[in-house]
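Asker: for reference, the sequence and a predicted model appear below.
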Amino acid sequence: MNTTNRTSRTRCLLNLTLAWAFTASLAHADIDGITNNVVNLTAKSGHIITPDGNSLLIWGYANESGLAQYPGPTLIVNQGATVQINLQNSLPYPTSIVFPGQTGVTSTGGIPGPVTREAAAGGSVSYTFTASQPGTYLYNSGSRPDLQVEMGLVGAIIVRPPVSTQAYNHADTAFDVEFLFLLTEMDPVIHDLVEQGRMAEVDTTTFFPVYWFINGRCGPDTLADSYVSWLPNQPYNCAPTMVPGQKLLMRLIGGGWDPHPFHFHGNNATIIAHDGRMMESKPGVSGPDLADSDFTITAYPGGTADAIYTWTGAKLGWDVYGHTSTNDMLMPGEYAPDHGKPFPVALPTQQSLTYGEHFGGGPFLGQPGYLQPGTFNLNPDGAYMYMWHSHAEKEIVNNNVFPGGMMTMLMIMAPTTNGMMMAP
């Protein structure tokens with residue numbers, strides 16, 4: 001495909017998916033996944049779509065007899081639950097699942113493997129563990145993982161403490177909304193060779209990815225709604241949305257073979273845990289007193305991190321709400337000390353403005369203003385948007401086409417969006 005055409009198509013998709021993101025409901029706080037303690041997964045093949053028009057063979061975990069998913073279904077369980085995973089294998093090669101961070105894992109059935117018991121081609125195996133520690137975890141194939149994880153056999157596990165609005169068993173880990181960021185990458189050469197049956201030519205030591213994913217999608221598809229019909233094997237999106245003052249929990253997972261420096265604009269985040277263990281000096285007592293503040297978190301292969309992000313407009317130096325005598329109510333989450341302080345520059349006249357499609361018509365959060373007739377607008381609610389993405393430049397493209405890859409947008413909505421007060 002012509003590079004110019006691919007670039008134009010990607011820009012068009014970015015516009016469309018941003019529009020879909022704004023017509024959807026304001027960021028449901030729940031992470032999509034399976035909440036059963038007994039889960040039946042099937043390892044099978046399928047195809048995923050990338051925004052540059054490519055189609056790649058994957059091996060993925062399916063829920064029951066459904067389609068192969070990339071990544072596999074997110075498993076959401078409560079602390080203390082006994083979890084049973086039954087794996088049926090529809091692939092022509094033995095496969096298995098390992099559960100890093102979970103203790104007391106047992107397996108029954110299947111055949112012996114180098115790491116754990118495997119399901120032979122056409123066979124099955126069962127795994128059981130007790131979810132003893134809350135946090136964010138990974139699961140993936142333990143059978144030739146250099147190939148099978150690359151092919152897509154990877155997923156996330158979330159273990160919730162008794163207080164479900166906390167990430168861990170301490171009040172300082174409380175959050176209002178949460179989003180999953182499972183970061184992976186792909187080398188299409190490997191997938192093409194597998195699809196063509198040329199397994200003897202697969203050499204994972206020459207692994208060279210050109211696609212990068214958040215929750216199984218490349219940007220801008222990350223912003224489309226979950227479960228859109230045109231991405232049947234990639235059900236999960238990644239469109240973080242919040243209102244000022246909310247605490248947004250980032251559940252970050254390094255699901256592939258490369259480290260990824262994930263960068264979030266707008267503010268630092270407080271990293272409260274690594275690998276499903278809270279950053280505390282006195283376990284069970286101190287809470288995340290060893291938490292670290294940063295604007296980039298490196299997701300290492302097989303590693304996880306939990307971080308809390310918030311945004312109020314603090315220290316911007318001006319009133320982001322643009323209060324007037326008829327609109328001077330302190331809104332939930334507002335940074336009060338700059339209340340009433342005007343925008344610090346003189347805005348150009350309407351005739352001198354260039355209207356981009358993400359401009360809401362005014363500089364103030366939640367206050368759309370004048371737009372030129374016929375302007376195509378993707379920001380009808382006057383939100384602030386910050387790009388969240390990999391800080392490795394090559395990872396925010398789709399096979400060299402920018403923008404894309406490991407990229408999404410944080411959307412900060414006014415508490416009174418659409419005339420409805422949103423709780424912080």
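Answerer: Received it, and whenever you're ready, just let me know what you need.

Asker: low-confidence regions, the stretch 201-350 of the chain specifically.
Answerer: Within the stretch 201-350 of the chain, the segments meeting pLDDT under 70 span 324-334, 336.

Asker: my guess is residue 158 is in a helix, correct?
Answerer: No. Counting by DSSP: H, G, I helix; E, B strand; the rest coil, residue 158 is not part of a helix but strand.

Asker: nearest residue to it in space, please, no chain neighbours.
Answerer: Among residues not flanking residue 158 along the chain, residue 76 sits closest, at 4.7 Å (CB to CB, 6 or more residues apart in numbering). (Glycine included, C-beta is placed from N, CA and C.)

Asker: right, and the one you found touches residue 33 too?
Answerer: Yes. With contact defined as CB atoms under 8 Å, residue 76 reaches residue 33; the gap is 4.6 Å.

Asker: and for these two, which residues touch both?
Answerer: Counting by CB atoms under 8 Å, 6 or more residues apart in numbering, the common neighbours of residue 76 and residue 33 are residue 158.

Asker: neighbour-wise, which of the two wins?
Answerer: residue 33 (20 against 17; other CB atoms under 10 Å).

Asker: list the contacts for the more buried one?
Answerer: Applying CB under 8 Å, 6+ apart, the residues near residue 33 are 73-76, 156, 158.

Asker: in TSV, list these along with distance to residue 337.
Answerer: Below are these laid out as TSV (distance: CB to CB, whole Å):
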residue	distance to residue 337
73	45
74	40
75	44
76	39
156	39
158	37
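
Asker: residue contacts, residue 295?
Answerer: 263-265, 267-269.

Asker: how many neighbouring residues does residue 62 have?
Answerer: Neighbours of residue 62 (other CB under 10 Å): 21.

Asker: try residue 197
Answerer: With neighbours defined by other CB under 10 Å, the count for residue 197 comes to 9.

Asker: ok, residue 406 next?
Answerer: Going by other CB under 10 Å, the residues that sit close to residue 406 add up to 31.

Asker: so how far is residue 122 from it?
Answerer: Note on residue 406: its distance to residue 122, by CB to CB, to the nearest Å, is 36 Å.

Asker: same check, this time on residue 213
Answerer: 29 Å.

Asker: paired strands for the helix or strand containing residue 42, with orientation please.
Answerer: Using DSSP states H and E, residue 42 sits within strand 38-49. Strand partners for strand 38-49, identified by DSSP bridges, are recorded as strand 55-63 (antiparallel), strand 82-89 (parallel).

Asker: rewinding a little: you'd agree the residue nearest to residue 158 is in a strand?
Answerer: Yes. Assessed with three-state DSSP, residue 76 lies in a strand.

Asker: residue contacts, the residue positioned nearest the centre of the chain?
Answerer: Geometric centre of the chain, nearest residue: residue 181, 2.7 Å, by CA atoms, centre = their mean. By CB under 8 Å, 6+ apart, the contact list for residue 181 reads 214-215, 238, 250-253, 262, 299.

Asker: follow-up on the earlier one: how about the strands paired with strand 38-49, which one is nearest residue 149?
Answerer: Relative to residue 149, the nearest member of the strands paired with strand 38-49 by CB to CB is strand 55-63, separated by 9.5 Å.

Asker: that closest one - what's its average pLDDT?
Answerer: Computed over strand 55-63, the mean pLDDT rounds to 98.
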